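> Sequence plus predicted model, see below.
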Amino acid sequence: MKYKYGVGISHLEFWVKDLEESLAFYGALFPLIGWYALTSTSFSCGIHELYFKEMPVQRHDTVGVRHICFHAPSRAVVDKVGEWLRGIRADIIRGPQAMPHYTEQYYTVDFRDPNGFVLEVAYMPDIEL
């Protein structure tokens with residue numbers, strides 16, 4: 001069977017407490033790492049789609065995905081994201097910093113979005129999938 005886009009993840013749906021706040025945050029973050037707006041509530045890197053829905057639910061800790069890591073094309077992009085995060089006073093968990101215990105060139109910044117989701121932007125040229 002042929003697939004139009006190949007196998008893999010088609011999209012991710014984020015439920016957020018404040019759609020406008022989340023769209024402002026991701027609308028600034030995504031261009032830094034090469035993503036673009038598809039619609040007023042969705043973004044893409046050309047392969048995957050991520051979209052947002054405002055839901056009237058309280059945040060609960062749960063098991064599941066711990067974080068989403070976005071690939072950066074260079075260390076400079078990771079540094080640019082780190083600078084932007086500091087500028088908006090985001091909750092930075094770690095970085096930008098090297099993580100040589102992962103691989104020699106792994107360079108990352110981990111942070112929380114306005115909803116508390118953990119995100120990572122990492123440069124990892126020596127990792128093969």
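Yep, it's here.

> count of neighbours near residue 101?
Using other C-beta atoms under 10 Å, residue 101 has 7 other residues around it. (Glycine included, C-beta is placed from N, CA and C.)

> and if you look at residue 80?
Residue 80: 17 neighbours (other C-beta under 10 Å).

> Ok, the one 5 residues further on next?
Other residues within reach of residue 85, judged by other C-beta under 10 Å, total 22.

> got it, and residue 50?
20.

> what's near enough to touch it?
By C-beta atoms under 8 Å, 6 or more residues apart in numbering, the contact list for residue 50 reads 11, 12, 13, 14, 26, 35, 42, 43, 44.

> before we move on, what about residue 12?
Contact partners of residue 12, counting by C-beta under 8 Å, 6+ apart, are 48, 49, 50, 51, 68.

> Next, format those as JSON lines and append distance to residue 84.
Formatted as JSON lines, the contacts of residue 12 follow (distance: C-beta to C-beta, whole Å):
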{"residue": "48", "distance to residue 84": "22"}
{"residue": "49", "distance to residue 84": "23"}
{"residue": "50", "distance to residue 84": "18"}
{"residue": "51", "distance to residue 84": "22"}
{"residue": "68", "distance to residue 84": "17"}
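
> Most neighbours out of the residues you listed, which is it?
That'd be residue 50 among those, by other C-beta under 10 Å, with 20 neighbours.

> which stretch of helix or strand covers that residue?
Secondary structure from DSSP states H and E places residue 50 in strand 49-54.

> how far out from the middle of the chain is the helix or strand following that strand?
Once strand 49-54 ends, the next helix or strand along the chain (criterion: DSSP H and E) is strand 67-71. Taking C-alpha atoms, centre = their mean, to the nearest Å, one finds strand 67-71 lying 5 Å from the centre of the chain it belongs to.

> elements contacting strand 67-71?
If you count contacts as 3 or more C-beta pairs under 8 Å, 6 or more residues apart in numbering; DSSP states H and E, strand 67-71 packs onto strand 118-123.
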